[in-house]
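Student: what's the 3D shape of this:
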Amino acid sequence: MRRAGHRVTRRRTVELRELAHARSGDKGDTANVGLIARRARDYPLLVRQVTARRVARHFAGEIQGPVTRYELPNLHALNFLLHGALDGGGTISLKTDAQGKVFSTALLRLKIRVPR
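Tutor: Next up is the predicted model:
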């Protein structure tokens, strides 16, 4: 809770899946994850809270390289590149999900704080 003037702003924690949907795929050894707000009004929350650093922490141990974030405000979306996520890529990886399809579902489990 925090005070904003005389009013108290209450917050709750939700998984991203309540505010967005996602798609993912592969680009060589990099997983590409798109996060799209279900409602335009939720896009600013995603921009503020779903940072490249936070996504990198969320996927710690699953990816070997950095995370790059791109903003697509006209689509109310964020695109993340998870470098070093696919053990060399789809054609040489022995991973069960060598194309990175489950990264979108995993990202939707990230929790953020939203106003009540």
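Student: can you show me the helices along this protein?
Tutor: 43-49, 52-58, 103-107 (DSSP state H).
Student: now, of those helices, which is deepest in the fold?
Tutor: Comparing the helices of the chain by mean neighbour count (mean count of other Cβ atoms under 10 Å), helix 103-107 comes out on top with a mean of 20. From N, CA and C alone the C-beta is placed, and that goes for glycine too.
Student: isn't A52 up against F80?
Tutor: Yes - assessed by Cβ atoms under 8 Å, A52 is found in contact with F80 at 6.9 Å.
Student: which residues do those two both contact?
Tutor: Common contact partners of A52 and F80 (Cβ atoms under 8 Å, 6 or more residues apart in numbering): 67-69.
Student: in ChimeraX, how would I select the buried members of those residues?
Tutor: This is the ChimeraX syntax for the buried subset of those, where burial follows 16 or more other Cβ atoms under 10 Å:
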select :67,69
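Student: which one of the shared contacts of A52 and F80 is nearest to D42?
Tutor: Using Cβ to Cβ, R69 comes nearest to D42 of the shared contacts of A52 and F80, at 16.6 Å.
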